[in-house]
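In: predicted coordinates and the sequence they were generated for:
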Amino acid sequence: MTESVAESGAGTARRRFIAPLRGQVDTACFQHPLFAEFMAWRTLMTGDAWPDIETLNACMPLPGRRFVAQDASLLEDGLHYETRIQQGRIATRPQNWHDLFNAMVWTRYPAIKHALNAQQCGHIARMGPSARNAGQQALTQFDETGVIVRVRDVALLDAWDAHDWSTLLHANAALWRSGDIAIAGVVGHALMEQMLVPGRLLVGKCLVVQGEDDAVCVARVAEAIINGDVLAAAAELRPLPLAGVPGWYPQQDADFYAQVNYFRPLREGRAYPQPLR
């Protein structure tokens, strides 16, 4: 089995997650909307055998970068993971769900992954490879559990600001279906890994953009990251209980949204930034 650390549905504690073996995964899980934008690589997820590094590079070519097997010989250089990426090598563990999903996100959102790496390397250059500051933690949290949300009318954020989840997600379900508010992109590959286990109630950490077009909003997030305008601290990220998004969970009645252990109330003093525009 493979291991990764990702946020649980509780929305606060970080717990060690052990992904199921490939043969234990019900491939029906890949029909979930979380995977909708990654269906070009469905066979890499559902095939009987793991794709090797050569297959990843052939199926998901990246200008200026390539996936390399993370083995003992690679690690002998002693470099930081992010430094290797800056040099063009994305260390990838064989037969590993977490790293397969990471490769898919690299291919789907190269500008965002490049921006995250550039910011991480800037922090490493200033602080050294061992220290970690609030900015690095925010970058990592978005990289692992990040979701980009597009909204047309910022007034919809009033309910989100108050953690009024029933209003945001249940009462306004029609606005999610119409695209007035929508998930424009899933960046968090740890979310994808946890979705392999049925019934997981996941929490995404969101950057919000006011706009009309998903691709434009994703590009705006990449621009904001590379310019250092966002992700100075993890508190900038808005939590979103993803099972509450209309159509993302089988039973979404009023009782479901009343579960305060998942749909957490707002902590005193917590406030969120305005959306990018």
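Out: Sure thing, it's come through. Note that the coordinates shown come from a computational prediction; the quantities given were computed from them, not determined experimentally. Numbers count the residues shown, from 1 in each chain.

In: put the alpha carbons of the longest helix anywhere in the chain into CSV.
Out: Assignment by DSSP state H gives helix 110-127 as the longest helix of the chain. Only the C-alpha atoms of helix 110-127 are listed here, as CSV (Å, rounded to 0.1, in the frame of the first residue of the first chain):
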residue,chain,number,x,y,z
PRO,A,110,0.8,22.8,-15.7
ALA,A,111,0.7,26.6,-15.1
ILE,A,112,-0.6,26.2,-11.6
LYS,A,113,1.9,23.4,-10.7
HIS,A,114,4.7,25.5,-12.2
ALA,A,115,3.6,28.5,-10.1
LEU,A,116,3.4,26.4,-6.9
ASN,A,117,6.9,25.0,-7.5
ALA,A,118,8.3,28.4,-8.3
GLN,A,119,7.0,29.8,-5.0
GLN,A,120,8.2,26.8,-3.0
CYS,A,121,11.7,27.1,-4.5
GLY,A,122,11.7,30.8,-3.7
HIS,A,123,11.0,30.0,0.0
ILE,A,124,13.7,27.2,-0.1
ALA,A,125,16.3,29.6,-1.5
ARG,A,126,15.6,32.1,1.3
MET,A,127,15.2,29.7,4.2
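
In: packing partners of that helix?
Out: Counting contacts by 3 or more C-beta pairs under 8 Å, 6 or more residues apart in numbering; DSSP states H and E, helix 110-127 is packed against helix 81-86, helix 134-145, helix 214-226. Bear in mind the C-beta positions are built from the backbone N, C-alpha and C, glycine included.

In: does anything pack onto whichever helix or strand comes after the first one? Which helices or strands?
Out: To tie it back to what came earlier, the one meant is helix 81-86. Moving toward the C-terminus from helix 81-86, the next helix or strand (DSSP states H and E) is strand 89-92. Applying 3+ C-beta pairs under 8 Å, 6+ apart, one finds that strand 89-92 makes contact with strand 66-69, helix 81-86, helix 97-108.

In: for those, give me CSV that also has distance to residue 168.
Out: As requested, those are arranged in CSV below (distance: least, C-beta to C-beta, whole Å):
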stretch, distance to residue 168
strand 66-69, 38
helix 81-86, 34
helix 97-108, 26
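
In: lovely, talk soon.
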